[in-house]
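[1] With the sequence up front, the predicted model follows.
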Amino acid sequence: MAEFGTFIYENWMLFAALVVILGLLLHQTFGGGSGSVSPQEATRLINHEDARILDVREPSEVKEGTLRGAITIPLGQLDDRINELGGDKETPIICYCRSGSRSAQACGKLRKQGFTAVHNLQGGITAWQQAGLPLARGKNKKKKG
């Protein structure tokens, strides 16, 4: 145990970097304070709070189906097309991708742009399907850009 203390003392910059990286990973994973919603909670937000739905998957993935009423903007285009989400930054937005990783990044981008009620769909569209919830095919609000 004393060796560990000595290691930290002698390599304090590396240890500090490790702590920062772990903190950032935790923040990314947990959205900085929840920010993640289950498929059931997403359904409640959609039905009772008129949440907007943002699909950040690539066009080839979208062909498999989307959440009804979703706006499709691939993650790589989000910065350039963020205005397509409208000016109201307080209306809830549910972001999703296949598994929840890219949509977590999208949530971070939206928060930086001032959107206050941003939620990541836990497990993405995969969890949505596993919950037995419906998908729309060819009926999303796909934006061209």
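    Cool, got the structure.
[2] residues contacting residue 95?
    Taking C-beta atoms under 8 Å, 6 or more residues apart in numbering as the contact definition, residue 95 lies against 54, 56, 103, 104, 106, 107, 110, 118, 119, 120, 121. In short, each C-beta sits where N, CA and C put it, glycine included.
[3] and the residue nearest to it when sequence neighbours are not counted, how far is that from residue 18?
    Spatially, and ignoring its direct neighbours in sequence, residue 95 is nearest to residue 103 (4.0 Å; C-beta to C-beta, 6 or more residues apart in numbering). Here residue 103 is placed at a distance of 27 Å from residue 18 (C-beta to C-beta, to the nearest Å).
[4] got the buried residues for the longest helix seen in the chain?
    Looking across the chain with DSSP state H, the single longest helix is helix 12-30. Going by neighbour count (16 or more other C-beta atoms under 10 Å), nothing in helix 12-30 comes out as buried.
[5] Neighbouring strands of the next helix or strand after it in the sheet, and parallel or not?
    Sequence-wise, the next helix or strand beyond helix 12-30 is strand 36-37, with elements assigned using DSSP states H and E. Using DSSP bridges, the strands paired with strand 36-37 are strand 118-121 (parallel).
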